[in-house]
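Q: Quick check, what structure comes out for this input:
(one chain, ligands or ions: 1)
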Amino acid sequence: MRPPPSTLATERASLLAWFDAVARDLPWRRSRDPYAIWVSEVMLQQTRVDTVLRYFDRFLSRFPDPCALASASEDEVLSMWSGLGYYRRARLLHAGSKHLVAHHGGEVPQDPEARRAMPGVGRYTAGAIGSIAFDRPEAIVDGNVARVLSRLRGIDTPLGRADTEARLWAEADALVPGPRPGALNQALMELGATVCAHPTPRCADCPVAGGCVALRTGRTAELPVPKPRRAPRPVDVVAVVARQGRGVWMVRGQDALFGGLWGVPLDEGKGRAAAERALISAGLRGTLERRAQARLEHVLTHRRMDVRVFVAADAHPMGEGARWVDPDAPGDIGLSALTRKILAAAGPSGTASPPR
Ligand code: SF4
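A: Numbering: from 1, shown residues only. Prediction:
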């Protein structure tokens, strides 16, 4: 149940006083420029504050406003982002600046709906810009705020579920109207990041401990209730250990999960026909055994793989792209855990010399 208005006002005052006392001095906290706030929020997604500190001023010196960013080439933007990772964020920021130039005269709009129409800007980022730059009572809910509100209000339905998300936003909406909404939102985020932390909160240092349902009912370790994990999808996979001498031919993973890592040819399926397909698609030829030599299970976050391991003897590539690797000395190439399991399951290879 939501506390009465007088309690909400007390919580707001406590959070603001606490934040004023403990807030770290960060460059984006010194600014009310909506563009700078937007850049900082995008940089801070999935990235530590220490890392963002090394990029924020440099990025803003090079692109001081949306017009400067919009007129830069994508290569220039990506080079200023280089090292921050998750480059899709930089592309969306770039697209967002072009949108501002095309539709809002190069300014970040005050209207929340117009902000949410910017590429890459969702409810959270729009709320952060609205509250911090424009002093509007717009709520935000990120992972830290969700943890604080779940414990403070005793929300015991799983995170990620529609009703839980609606409740969290409703609680945040109820708390934010009042003085300094931007500081209040930052106080909630800071509290979640530093005091109401996962897994163990430091309730003795919390400014809103007096009204906290989780603390009063002894459920700080149980709340928030995590998102239920989806059971991994079962999938049949064939793997082909294509041997030549003591070595095995590897190809670069096409799958998003293994992209970039070298591994043996894989394909979905169970039998020899699927193994043949895997071998040919990898650009290899060889004498494929009639039956799978081994079977193993490999579980990833979303997939439970039932892997049948076939061996192809006297294998050789039909073109470029495959790499011959001595499994006992793979050198500098990264082999996935699955590839190592498959090689172990296939057993030792012959002893002839590497291919010429
Ligand atoms: S009292 Fe503890 S659990 Fe409750 S909001 Fe504060 S830090 Fe989190």
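
Q: how about the residues of this protein near the ligand?
A: 148, 151-152, 195-196, 201, 203, 206, 208-209, 212, 214-215, 220 (CB under 6 Å from any ligand atom). To be clear about C-beta, it is placed using only N, CA and C from the backbone, and glycine gets the same treatment.

Q: Now which of those would you call buried?
A: 148, 151-152, 195-196, 201, 206, 208-209, 212, 214-215, 220 (16 or more other CB atoms under 10 Å).

Q: Can you get me a residue count around Gly178?
A: Neighbours of Gly178 under the rule other CB atoms under 10 Å: 15.

Q: Enumerate every residue touching it.
A: Leu8, Ala9, Arg12, Pro137, Leu184 (CB atoms under 8 Å, 6 or more residues apart in numbering).

Q: Which of those residues fall in helices?
A: Residues of the contacts of Gly178 located in helices (DSSP state H): Leu8, Ala9, Arg12, Leu184.

Q: circling back: please produce a markdown table containing the residues of the chain next to the ligand, extended by pLDDT and secondary structure.
A: Compiled in a markdown table, the residues of the chain next to the ligand are given as follows (pLDDT from 0 to 100; DSSP: H, G, I helix; E, B strand; the rest coil):
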| residue | pLDDT | secondary structure |
| --- | --- | --- |
| Val148 | 98 | helix |
| Arg151 | 98 | helix |
| Leu152 | 98 | helix |
| Val195 | 97 | coil |
| Cys196 | 97 | coil |
| Pro201 | 96 | coil |
| Cys203 | 97 | helix |
| Cys206 | 98 | coil |
| Val208 | 97 | coil |
| Ala209 | 97 | helix |
| Cys212 | 97 | coil |
| Ala214 | 96 | helix |
| Leu215 | 96 | helix |
| Thr220 | 96 | coil |
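
Q: By mean pLDDT, flag the weakest helix or strand of this structure.
A: Every helix and strand in the chain was compared by mean pLDDT, DSSP states H and E; the lowest is strand 262-263, with a mean of 82.

Q: The stretch 101-250 of the chain: helices as residue ranges?
A: In the stretch 101-250 of the chain, the helices defined using DSSP state H, counting those that start in this stretch lie at 112-116, 123-134, 143-153, 162-175, 181-194, 213-216.

Q: Could you dump those helices into CSV with distance to Ala294 added?
A: Shown next, in CSV, are the helices of the stretch 101-250 of the chain (distance: least, CB to CB, whole Å):
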stretch, distance to Ala294
helix 112-116, 53
helix 123-134, 48
helix 143-153, 42
helix 162-175, 44
helix 181-194, 47
helix 213-216, 49
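
Q: how about those, which one is nearest Pro4?
A: Taking CB to CB, helix 162-175 is the member of the helices of the stretch 101-250 of the chain nearest to Pro4, at 10.8 Å.

Q: Give the other helices and strands that the closest one contacts.
A: Under the contact definition 3 or more CB pairs under 8 Å, 6 or more residues apart in numbering; DSSP states H and E, helix 162-175 sits against helix 5-22, helix 143-153, helix 181-194.

Q: Please render those helices as CSV that adds distance to Gly271 to the earlier fields.
A: Putting the helices and strands packed on helix 162-175 into CSV (distance: least, CB to CB, whole Å) gives the following:
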stretch, distance to Gly271
helix 5-22, 62
helix 143-153, 45
helix 181-194, 51
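
Q: Pull the contacting residues for the residue in the stretch 1-150 of the chain positioned nearest to the ligand.
A: Closest approach of the stretch 1-150 of the chain to the ligand (CB to the nearest ligand atom) occurs at Val148, with a separation of 5.3 Å. Shown in contact with Val148 (CB under 8 Å, 6+ apart): Leu188, Leu191, Gly192, Cys196.

Q: re earlier: now list the buried members of the contacts of Gly178.
A: Leu8, Arg12, Pro137, Leu184.

Q: Touching, Phe310 and Glu289? I think so.
A: Yes: between Phe310 and Glu289 there is a contact at 5.8 Å, judged by CB atoms under 8 Å.

Q: who's more crowded, the two?
A: Higher neighbour count among Phe310 and Glu289: Phe310, with 27 against 16, using other CB under 10 Å.

Q: Please, which helix or strand holds the closest residue to that one other than its chain neighbours?
A: Spatial nearest neighbour of Phe310, excluding adjacent residues (CB to CB, 6 or more residues apart in numbering): Ala275 at 4.1 Å. Assessed by DSSP states H and E, Ala275 sits inside helix 272-281.
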